[in-house]
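Enquirer: quick check, what structure comes out for this input:
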Amino acid sequence: MEGTLPPGLCATVLRTGPGLMERFGRRLLHSFEADGALSGLRLHADGRAEVAVRVVESPGYLAEQAAGRPLFGSAAPWWRRVLNGLRGRDKATGNTSIMTWQGRTYALMEASRPLEIDPADLSTGATTDLGGVLGGTFSAHPHRLARQGVSINFGMHYGPRPHLRLYALPDHGRARVLGEVDLPWNAMVHDFAVTERYAVFVICPLQMSVPRAMLAPRDLGSLFRWKPAAGTEIIVVPLDDVEHPVRASADARFVFHLANAHHHGDDLVVDLVQYPSADVVTALAGEGGPVVDPSRLQRLVLDPVRGRVHADEPRWDRGCDFPVLPAERVGHDGGTLWLMISEDGVTGIARHDGRTGTVDAWETGPGFSASEPLFVPAPGASRDDEGWLVSLVLDGWRGESFFGIFDADRPSAGPLARVWMGQALPITFHGTVLPGPAAAS
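Expert: Next up is the predicted model:
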């Protein structure tokens, strides 16, 4: 460790991302299908830090290990991919995000069910349907409404009638289905926003071909076509009346992540990160992908009753993504937002003040690659945005990754401490923070 951990910082940080881009000598064609790699940072109150990395050993991964050959994804032979589709077999790679619910921790990827993991040693357990509630898929982006004590999430269902199934996961009690929402086409839907009254989905014109999917092509990207003439459909779903959503139209864009939504009088304000096209999906396949035009932080203001967009305007004219805000601010006017910067070969992390528009940013310079900045609240803080940021950063010159700890108010000051991992790690997508250091089993 370089530097000194801030006094009072005591937490466990968990991240996941695509870990194995090759199986038994065969390279996978897209990072989305790679087995996940969990990375963990355990921070003790006495200033000690421990790190660990472990592959997500899902049932599908273990079956491949036992067989000694690929059984899923682009590395598997065509006939097996078709057979998997007919039998409804998939591999829960756990390579996208981490969820905690009712004292348990899960690794998520939206094409399958959650995988339970142990935060003490990063070992992998079984997949779960959360008590018989889930269908085949569960999004990697549940959002918790702190004041209601419930998390909201969805599952995507492709086919002749594409639709979303919404779920409620209360802090206490059983998970339940809220209802289903029809979609205009078979779309890639990664994230959404939620308030105390509504769930908001941005349906972009990246459309999947179901007949082509039935042929089980190797290339994941070939399943989708970018059709900007279709525009974007914004679906506002009343949480107490899911079967009667309100729909609005907007110009074409591609959106992975929504930052937040909140009410302003009778209007609904939605902040999101948008790309001018879906080239970013192809670029995530690995080396040799297209040059991606920078994303932008954007704000939509709409009437949630009549389905009218009043404003569609930029909030920050800088390439960014992976927005994070204080947990208590989900569904409310948050003010503070933290993002990962990515533009012109430069990455970093930034604090965006939504009330003043000011930005405080740390930029890595060429050869480095930062990740989503996770927020760790300071104990006894007077503000809900007071605390620290933790980002997993690859130092390409040194060939090693480190967890960087930053002052959440002034990331521009650089890392207060760097906890080195002893190896270079692949890109990670999302993570979570658990209070206190997870105890060893």
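
Enquirer: so who does the closest residue to residue 141 other than its chain neighbours touch?
Expert: The shortest distance from residue 141 to any non-neighbouring residue, by C-beta to C-beta, 6 or more residues apart in numbering, is to residue 191 (4.3 Å). (Glycine included, C-beta is placed from N, CA and C.) By C-beta atoms under 8 Å, 6 or more residues apart in numbering, the contact set of residue 191 is 139, 141, 255-258.

Enquirer: okay, among those residues, which ones form the most distant pair?
Expert: By the measure C-beta to C-beta, the contacts of residue 191 have their two most distant members at 139 and 255, which lie 13.8 Å apart.

Enquirer: what touches both of these two?
Expert: What both residue 139 and residue 255 touch, as defined by C-beta under 8 Å, 6+ apart, is the set 190-191.

Enquirer: quickly find the element holding the nearest residue to residue 302 once chain neighbours are set aside.
Expert: Counting by C-beta to C-beta, 6+ apart, residue 302 lies nearest to residue 309, which is 4.8 Å off, once chain neighbours are set aside. Secondary structure assigned from DSSP states H and E places residue 309 in strand 308-316.

Enquirer: adding distance to residue 179, secondary structure and pLDDT, write the contacts of residue 191 out as JSON lines.
Expert: Below are those laid out as JSON lines (distance: C-beta to C-beta, whole Å; DSSP: H, G, I helix; E, B strand; the rest coil; pLDDT from 0 to 100):
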{"residue": "139", "distance to residue 179": "15", "secondary structure": "coil", "pLDDT": "96"}
{"residue": "141", "distance to residue 179": "19", "secondary structure": "coil", "pLDDT": "97"}
{"residue": "255", "distance to residue 179": "23", "secondary structure": "strand", "pLDDT": "97"}
{"residue": "256", "distance to residue 179": "25", "secondary structure": "strand", "pLDDT": "95"}
{"residue": "257", "distance to residue 179": "24", "secondary structure": "strand", "pLDDT": "97"}
{"residue": "258", "distance to residue 179": "20", "secondary structure": "strand", "pLDDT": "98"}
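
Enquirer: and which of these is nearest to residue 113?
Expert: Nearest to residue 113 among the contacts of residue 191, with distances taken as C-beta to C-beta, is residue 139, at 11.2 Å.

Enquirer: quick check, that closest one in contact with residue 157.
Expert: No. Using C-beta atoms under 8 Å, residue 139 makes no contact with residue 157, being 11.7 Å away.

Enquirer: okay, those two: which has more neighbours?
Expert: residue 139 (25 against 17; other C-beta atoms under 10 Å).

Enquirer: can you give me the helices in the protein?
Expert: 59-67, 78-87, 210-214, 279-283 (DSSP state H).

Enquirer: now residue 54. Nearest residue, chain neighbours left out?
Expert: residue 122 (3.9 Å).

Enquirer: now that neighbour: how far from residue 19?
Expert: The gap separating residue 122 from residue 19 is 12 Å, by C-beta to C-beta, to the nearest Å.

Enquirer: nice, that's everything, thank you.
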